[in-house]
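**Student:** based on what follows, work out the 3D shape:
(one chain, ligands or ions: 2)
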Amino acid sequence: MVPSFRGSRRCHAAGPHCGQPKRGVVGKPTKHGVSQLALQSGKPQYFRLLIIGIAIAKLEPGSTIQGAHMAQDLVSLDELIGDVSAEDMRAELSSGGGGCSSKGCGSNARPEDMPEEVWAKIKDHPCYSEEAHHYFARMHVAVAPACNIQCNYCNRKYDCANESRPGVVSEKLTPDQALRKVITVANEVPQLSVLGIAGPGDACYDWKKTKATFEAVSKAIPDIKLCISTNGLALPDHVTELERMNVDHVTITINMVDPEIGAKIYPWIFYNHKRYTGIEAARILHERQMLGLEMLTARGILTKVNSVMIPGINDEHLKVVNAEVKKRGAFLHNIMPLISDPAHGTHFGLTGQRGPTHAELKSLQDACAGGANLMRHCRQCRADAVGLLGEDRGQEFTLDQLPEEISYDPAKREAYREVVARERGDHVAAKSAAVAELKSLAERPLLIAIATKGGGRINQHFGHAREFQVYEAGLTGVSFVGHRRIEDAYCQGGFGEDATLDSVIKSLAGVDAVLCSKIGDCPKKDLAAAGITVTDAYAFEYIEAAIATFYAAEVSAPPRALSA
Ligand code: SF4
Ligand code: SF4
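**Tutor:** Ligands and ions are numbered 1, 2, ... in the order given. Okay, the predicted model is just below:
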């Protein structure tokens, strides 16, 4: 029998406002993320997902997903895949267990207006497909420390495990070290689908190391997607080689198309062995960025444009940038907030340039709707990030922990893909039902924050959340609109910290409700006092289905059962 978290010993140290299972007594994760007791029980947690899949498929008309899921236990993909062998995953699948029995299952999430070949490129890429980010992980290897420009928001830092922002890494790697790291991660993290080089400098400027890394990794793991991030200045020199190496995802950071605005963001660039400053520097950078984008589009390489929103400098201008990059074929536009803190030592941080509020960012993103497609789920990752978006397992794979000799074993990654194909089909069906549900209602939109560990489900304790995924529910459906990062999770090893809760509440400003897998009474009351409803009544359900049911209840329409 699978031991249940419900009814297990609670953490008495935490007092009445925690309500979490006591770590170390029940469900303590192993290094590989599987509950000790689950392993002792002989029924790995992986099978819980399959059991839940069966429960969904067997729903009687008139019953609810909520009812079915509430009877089940904790679901978390990272726990599901830990120590379960590829053979076990396959055996369960071939015996017919799990997943959705309905027709149309299996990654049929392709938007109707998207060509098949484009969908094939993005469906497992957590950054290019919002839906894929529930299931697939990326890793960055920090092999490219040199940069050819200076941005006023950048200060590259090494040996820093605490800051989570682009440009920060714990250690730089040689291409050989990067290869060992990628193979180690691929063997242990079957969700891995993308290898990116995002600095900590510029991947195109530090080209020899970028190229050597990609060549070695694609030889060892041919199906891994290769991705680079660049400021664009050196990009046109390498587009042909990028195409030859099958790099079909490139990110260019484009903050302006007007050099006068650019001069306020870039103090200098280094180009053709010469340093340029001011408007001339920004003009050269702009021309090279546009050229690079056009060259990528001509070769069918998908390009994402990142823009940093800097209030008072380029915020309004980014609408023009959105239109210009769309015209040149950009696949996605990712408008990110400026991260500005004097402690980071950047020019903007030290001169008091503020970043945008959540509301300002959303308002700009909404104003750009209809232009280039927007990415809203970017986490502004470190240059050595590992794992699902929103989590960082980089510290588990530092150089001193890597084996000297290692060979790639594809079995687990391949089996995981088969599991996800099943799970994804169910998720897509639940999402469609949620949209249909909301279309029948007529009320104001709500912003709803979700605590999730992945898999597209509400499966995280409020106190453990390091971020909340934020969705807008309204007449047109449920859409992902961003995330709110929490610097310190509320629950610190069993204790709920009041000061931390204040900061969590601040991070949730503007949010109407939070759905999580568990929350104690005290934080619930404090959140209610701040005007935020919190509930764990939808624990372990698919996110969109739960939001639709919650929204229906909130606007006083009779909630109907959603079938998946
Ligand atoms: S291009 Fe990237 S690495 Fe270079 S200064 Fe700008 S943010 Fe930093
Ligand atoms: S920084 Fe954004 S685009 Fe890059 S890997 Fe992280 S989530 Fe994806």
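
**Student:** how is this structure divided into domains?
**Tutor:** Annotated domains of the chain cover 9-99+427-561, 132-401 [automatic domain parsing].

**Student:** in TSV, list those along with mean neighbour count.
**Tutor:** To be clear about C-beta, it is placed using only N, CA and C from the backbone, and glycine gets the same treatment. Below are those laid out as TSV (neighbours: other CB atoms under 10 Å):
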stretch	mean neighbour count
domain 9-99+427-561	19
domain 132-401	20
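
**Student:** determine which of the ones you listed approaches ligand 1 most closely.
**Tutor:** Nearest to ligand 1 among the domains of the chain is domain 132-401 (3.1 Å), distances taken as CB to the nearest ligand atom.

**Student:** quick one: terminal-to-terminal distance for that closest one?
**Tutor:** Domain 132-401 has an end-to-end distance of 29 Å (CA to CA, to the nearest Å).

**Student:** check stretch 517-533 too.
**Tutor:** Distance between the two ends of stretch 517-533: 14 Å, counting by CA to CA.

**Student:** now do it, average pLDDT.
**Tutor:** Mean pLDDT, computed over stretch 517-533, is 89.

**Student:** over to stretch 406-423?
**Tutor:** Averaged across stretch 406-423, pLDDT comes to 86.

**Student:** distance of the residue nearest the centre of the chain relative to F214?
**Tutor:** Nearest to the geometric centre of the chain sits L389, at 2.7 Å (CA atoms, centre = their mean). Distance, L389 to F214, by CB to CB, to the nearest Å: 21 Å.

**Student:** also D384?
**Tutor:** Separation of D384 from F214 (CB to CB): 17 Å.

**Student:** can you check V189 too?
**Tutor:** Applying CB to CB, one obtains 19 Å for the distance of V189 from F214.

**Student:** ok, now Y128?
**Tutor:** To F214, Y128 is 18 Å away according to CB to CB.

**Student:** in the stretch 201-350 of the chain, which spans are helices?
**Tutor:** Secondary structure of the stretch 201-350 of the chain (DSSP state H, counting those that start in this stretch): helices located at 207-220, 239-244, 259-262, 278-298, 318-327, 347-350.

**Student:** tell me which of these lies nearest to L195.
**Tutor:** Minimum separation from L195 across these (CB to CB) falls at helix 207-220, 5.7 Å.

**Student:** for the residue lying closest to I313 once chain neighbours are set aside, list the residues it contacts.
**Tutor:** Sequence neighbours aside, K264 is the residue nearest to I313 in space, at 5.2 Å (criterion: CB to CB, 6 or more residues apart in numbering). Applying CB atoms under 8 Å, 6 or more residues apart in numbering to K264 gives the contacts N152, I313, N314.

**Student:** the first one contacts T346, correct?
**Tutor:** What it means is N152. Yes: N152 lies in contact with T346 (CB atoms under 8 Å); the separation is 6.7 Å.

**Student:** same list (the helices of the stretch 201-350 of the chain) but as CSV, adding distance to ligand 1.
**Tutor:** Shown next, in CSV, are those (distance: least, CB to the nearest ligand atom, whole Å):
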stretch, distance to ligand 1
helix 207-220, 13
helix 239-244, 18
helix 259-262, 12
helix 278-298, 10
helix 318-327, 16
helix 347-350, 10
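
**Student:** can you list those in CSV and add mean pLDDT?
**Tutor:** Shown next, in CSV, are those (pLDDT from 0 to 100):
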stretch, mean pLDDT
helix 207-220, 96
helix 239-244, 97
helix 259-262, 98
helix 278-298, 98
helix 318-327, 97
helix 347-350, 94
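
**Student:** possible to save the ones you listed as CSV with distance to P403?
**Tutor:** Output for the helices of the stretch 201-350 of the chain, formatted as CSV (distance: least, CB to CB, whole Å):
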stretch, distance to P403
helix 207-220, 14
helix 239-244, 30
helix 259-262, 46
helix 278-298, 37
helix 318-327, 43
helix 347-350, 39
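
**Student:** minimum distance to I252: which of the ones you listed has it?
**Tutor:** Comparing those against I252 with CB to CB, the closest turns out to be helix 278-298 (5.8 Å).

**Student:** the closest one - contacts with which helices or strands?
**Tutor:** With contacts taken as 3 or more CB pairs under 8 Å, 6 or more residues apart in numbering; DSSP states H and E, helix 278-298 sits against helix 239-244, strand 249-253, helix 259-262, strand 268-271, strand 302-309.

**Student:** contacting residues around that helix?
**Tutor:** By CB under 8 Å, 6+ apart, the surrounding residues in contact with helix 278-298 are 149, 230-236, 239, 242, 250, 252, 254, 256-263, 265-269, 271, 276, 302-303, 305, 324-325, 328-330.
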